[in-house]
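A.B. asks: what would the 3D arrangement of this be:
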Amino acid sequence: MSKLNYGCEGLVAVISGGSSGIGLATAERFAADGAKVYILGRDAARGAAAVRHIEEQTGVSVSFVGCDVKKAASCREAASKIASYERHIDILVNSAGVYAEQRLENMTEADYDAIMDTNVKGMLLLTQACLPLMFGGGSIVNIASDAGVSGNYGCVVYCASKGAVVALTRALALDLAPAIRVNCICPADVDTPLLARQLVDANGGYTLADMAAAYPVGRIGRAEEIAHAICSVASPANSFMTGSIITVDGGITAG
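C.D. replies: Below you'll find the model as predicted:
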């Protein structure tokens, strides 16, 4: 991968959902920049595979820590494990998330819980668990979606969850200032395993080409492009940025 300088050498970066997709690409960029990276996830086998991938690509050692962000005890255990190695977390990227298309008339309470518990409650719980290791200075980057800014068809609960992340970011930016900066990245469709599952679930209702045609730039995003935005916002060079909601969406919310 191309080497970019974000100024994160020696900083400790924690990335939830770091074993695939945007989280994995972000962990790889931070590692390449010289950060000490901890990736969090539920699946130890996927975590080990992510560690091997990053180390092969960057030559830098990274660590996997098991964590289910939906559970407060699991978040506290993950933070405690990191605290046994590090005195301070400099960067927290809340990237763990789920996506599901479900019209309101078909939604069940279980559908609601599955999305909101990961995308909103999980973000709150992990941030809460990591805060004792961040006071004195740090940067939090929350991952929302273009659907949390402008809405979308057929995924009302997902839109609500990502809209909540946008509001949560603004509230935390006020509560945690001036020591901790909190910003939000809102990607549109990105070529990740999550999108691959979405297309399978669509069962031919739409294709990747259909999705790409909706974008002014004529394509969907790449995980490394979103990772670049995340690392740039988290960088100490952006020390005056907090409470910002940044869309990285190929122009789809411009119209």
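
A.B. asks: C-alpha only now, for contacts and for neighbours.
C.D. replies: OK.

A.B. asks: how far off centre is the longest strand along the chain?
C.D. replies: Ranked by residue count, the top strand of the chain under DSSP state E comes out as strand 180-187. Taking Cα atoms, centre = their mean, to the nearest Å, one finds strand 180-187 lying 9 Å from the centre of the chain it belongs to.

A.B. asks: run the chain-centre distance for the helix or strand just after it.
C.D. replies: Moving toward the C-terminus from strand 180-187, the next helix or strand (DSSP states H and E) is strand 190-191. Strand 190-191 sits 13 Å away from the centroid of its parent chain (Cα atoms, centre = their mean).

A.B. asks: what does the average pLDDT come to for strand 190-191?
C.D. replies: Strand 190-191 carries an average pLDDT of 92.

A.B. asks: please name every helix or strand in contact with that strand.
C.D. replies: Packed against strand 190-191 by the contact rule (3 or more Cα pairs under 8 Å, 6 or more residues apart in numbering; DSSP states H and E) you find strand 221-222.

A.B. asks: against which helices or strands is the strand it packs on packed?
C.D. replies: Contact partners of strand 221-222 among helices and strands, from 3+ Cα pairs under 8 Å, 6+ apart: strand 190-191.

A.B. asks: would you give the sheet partners of the strand it packs on, along with the direction of each?
C.D. replies: Using DSSP bridges, strand 190-191 pairs in its sheet with strand 221-222 (parallel).

A.B. asks: buried sites along stretch 39-50?
C.D. replies: Buried residues in stretch 39-50, counted by 16 or more other Cα atoms under 10 Å: 39-42, 47, 50.

A.B. asks: the residues you listed into TSV, with extra columns for distance to N142?
C.D. replies: As requested, the buried residues of stretch 39-50 are exported to TSV (distance: Cα to Cα, whole Å):
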residue	distance to N142
I39	15
L40	15
G41	16
R42	19
G47	21
A50	21
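
A.B. asks: so which of these are in strands?
C.D. replies: Mapping those onto strands (DSSP E) picks out 39-41.

A.B. asks: which of those sits closest to K81?
C.D. replies: Lowest distance from K81 to these (Cα to Cα) belongs to L40, with 11.3 Å.
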